[in-house]
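Participant: Just need the structure, nothing else, for what follows:
(one chain, ligands or ions: 1)
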Amino acid sequence: MHVFSSLRESWWIGEVEVPTRVVLAPMAGVSVQAFRRQGRRFGAGLVCSEMVSCAGIEHRNERTLGYLRVSSDEHPLAIQIFGSEPRAMAEAARMVEAAGADIVDMNFGCPVRKVTKTGAGANLLEDASLAYRITEAVASAVSVPVTVKMRRGVEDGSRSCLDLGPRLVEAGAAALTLHPRSAKQMYTGWADHSLTAELVSLVDVPVIASGDITSRAKAEAVLAATGAAAVMVGRGAQGNPWALAEILDGEPVQPSREEVAAELIHFIRETVRELGEQRANGFLKKFYGWYLGHGRFPKPFKQELVQLRTTEEVVTRLLAAAPGAAEILERLETDVPESEFLLEGMPISIYGGG
Ligand SMILES: Cc1cc2nc3c(=O)[nH]c(=O)nc-3n(C[C@H](O)[C@H](O)[C@H](O)COP(=O)(O)O)c2cc1C
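Facilitator: This next block holds a predicted model:
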């Protein structure tokens, strides 16, 4: 089994070169463009959008189309779609490719009822024939690589992913990600990476290991035990991009208060540009706790930020608490490229947030 000398070794998904062995997880309500760009800056070799509804794309839903904004500094980027209808998924995949994504990823793992009751997400783990047809339709609709992200199955103890994985590769999947929890499990218990090892032995495409990768030691252990091509980091990177650098290089990273405040302010400003003040204001509140935790700031400070009315007030308060952040922020804010929006004929307001 191949053990890497460095997690900064590149690898390939089809014809897309991925510069490092750490992938930033798709997370609904988290993986906005600012999160993905930050992930790339801290060393993630591949970043992914949150799951985007193929029905929303089909109906040209304004908010859904907003998810298809790609910035020049986030490549390689996967945009993840979900749905249960092969033709609509193929059409959505074409839009995703046209939007500038390097990879079309498909969600065959979401355990949330709103998604599974439509036949999508984790439901596809138990409907191999439909999962096959969707993968085949999507892979033949686009020229970029198509990948699939799975859970182990719906029920606890299920091994469905091991039957399904090889069939999806046959249908055209260029890589598979496995989060080896059942859909029933949601986020309880542990990800059982012995299934990841089995999946690796069954397919000849790269497998990405997702679930509970929060440290360098865990990443090394999972890579060595499974033969996976890369690890994916989700919750461990929420408000903590430093975890990505630590996992990559094996050196503990303890950001100063000033660095934390600067990174958070930058993230706030980028998100406001992306979502507009009103949406960003609500969206960002969970991030305050994530950034300021880890013993970085006293607890009441987070409570104070959450109660402020505007993001500008939050920025002012952060700068007052960590004045040295201003200088770091200045460096972060130079060279930020404008977002590109490649799809033509879309409503102008999707540029929302200025
Ligand atoms: C808030 C949240 C939202 C998520 N949204 C998605 C999603 O949109 N698509 C997806 O494939 N997985 C999603 N996931 C699952 C993650 O990508 C990942 O597989 C899972 O969290 C396990 O990895 P972790 O232990 O590193 O967090 C989500 C997870 C969380 C915590």
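
Participant: List the contacts of residue 329.
Facilitator: 262, 265-266 (Cβ atoms under 8 Å, 6 or more residues apart in numbering). No exception for glycine: its C-beta is placed from N, CA and C like everyone else's.

Participant: from the chain's centre, how far out does the helix or strand it falls within sit?
Facilitator: Assigned by DSSP states H and E, residue 329 belongs to helix 325-333. Taking the mean of its C-alpha atoms, helix 325-333 sits 26 Å from the chain's own mean (Cα atoms, centre = their mean, to the nearest Å).

Participant: what does the stretch 1-150 of the chain have sitting close to the ligand?
Facilitator: Proximity of the stretch 1-150 of the chain to the ligand is assessed by Cβ under 6 Å from any ligand atom, with 25-30, 50-51, 80, 107, 109-110, 149 identified as the residues in range.

Participant: How about whatever residue of the stretch 101-250 of the chain ends up closest to the ligand, nearest residue that isn't a chain neighbour?
Facilitator: As assessed by Cβ to the nearest ligand atom, the ligand sits closest to residue 234 within the stretch 101-250 of the chain, at 2.8 Å. Sequence neighbours aside, residue 25 is the residue nearest to residue 234 in space, at 3.3 Å (criterion: Cβ to Cβ, 6 or more residues apart in numbering).

Participant: quick one, what contacts that neighbour?
Facilitator: 31, 48, 210, 232-234, 237.

Participant: What segments of the stretch 101-250 of the chain are helices?
Facilitator: For the stretch 101-250 of the chain, the helices defined by DSSP state H, counting those that start in this stretch occupy 113-116, 128-141, 160-171, 193-202, 216-226, 242-249.

Participant: And the contacts of the second one?
Facilitator: This points to helix 128-141. Contact with helix 128-141 is made by 83-87, 89-91, 93-94, 104, 106, 108, 119, 124-125, 146, 148, 160, 163-164, 167-168, 170-173, as judged by Cβ under 8 Å, 6+ apart.

Participant: Need the contacts of residue 25 in CSV (columns: neighbour count).
Facilitator: Putting the contacts of residue 25 into CSV (neighbours: other Cβ atoms under 10 Å) gives the following:
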residue, neighbour count
31, 22
48, 27
210, 28
232, 25
233, 27
234, 20
237, 27
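
Participant: how far does the strand or helix carrying residue 272 sit from the chain's center?
Facilitator: Assigned by DSSP H and E, residue 272 falls within helix 257-275. In this view, helix 257-275 has its centroid 18 Å away from the chain centroid, taken as Cα atoms, centre = their mean.

Participant: And stretch 17-26, by the same measure?
Facilitator: Averaging C-alpha positions (Cα atoms, centre = their mean) puts stretch 17-26 10 Å from its chain's average.

Participant: swap in stretch 195-215?
Facilitator: 16 Å.

Participant: Over to stretch 20-39?
Facilitator: Relative to the mean C-alpha coordinate of its chain, stretch 20-39 is positioned 4 Å out (Cα atoms, centre = their mean).

Participant: ditto for stretch 193-209
Facilitator: A distance of 20 Å separates the C-alpha centroid of stretch 193-209 from that of its chain, computed with Cα atoms, centre = their mean.

Participant: Tell me if it is near the ligand.
Facilitator: No: Stretch 193-209 is not in contact with the ligand by Cβ under 6 Å from any ligand atom; minimum separation 9.4 Å.

Participant: Tell me the buried residues in that stretch?
Facilitator: Within stretch 193-209, the residues that count as buried by 16 or more other Cβ atoms under 10 Å are 193, 195-200, 203, 205-209.

Participant: Okay, now the unreliable bits of this protein?
Facilitator: Within the chain, the set of residues satisfying pLDDT under 70 comprises 1-3, 335-354.

Participant: could you redo the last one with a cut-off of 50?
Facilitator: Counting by pLDDT under 50, the chain has low-confidence residues at 347-354.

Participant: where does the stretch 201-350 of the chain come near the ligand, residue by residue?
Facilitator: Residues of the stretch 201-350 of the chain lying close to the ligand by Cβ under 6 Å from any ligand atom are 210-213, 233-236.

Participant: Okay, and which of those residues map to strands?
Facilitator: Restricting those to those inside strands, with DSSP state E as the criterion, leaves 210, 233.

Participant: ok, so of the residues of the stretch 201-350 of the chain next to the ligand, who is nearest residue 10?
Facilitator: Using Cβ to Cβ, residue 233 is the member of those that sits closest to residue 10, with 17.6 Å.

Participant: residues contacting the closest one?
Facilitator: By Cβ under 8 Å, 6+ apart, residue 233 lies in contact with 22-25, 44, 213-214, 243-244, 247.

Participant: how much space between it and residue 7?
Facilitator: When distance is defined by Cβ to Cβ, to the nearest Å, residue 233 is 11 Å away from residue 7.

Participant: which residues do these two both contact?
Facilitator: Contact with both residue 233 and residue 7 is made by residues 22, 247, according to Cβ under 8 Å, 6+ apart.

Participant: I'd like to know how far the nearest residue to residue 241 once chain neighbours are set aside sits from residue 242.
Facilitator: Setting aside the residues directly before and after it, residue 241 is nearest to residue 42 in space (Cβ to Cβ, 6+ apart), at 4.1 Å. Here the criterion is Cβ to Cβ. By it, residue 42 lies 7 Å from residue 242.

Participant: Looking at the two now, which is surrounded by more residues?
Facilitator: Each of residue 42 and residue 242 has its neighbours counted (other Cβ atoms under 10 Å); residue 42 has more, 21 against 18.

Participant: who touches that one in this structure?
Facilitator: 241-242, 244-245.

Participant: Likewise for residue 143?
Facilitator: Going by Cβ under 8 Å, 6+ apart, residue 143 touches residue 97.
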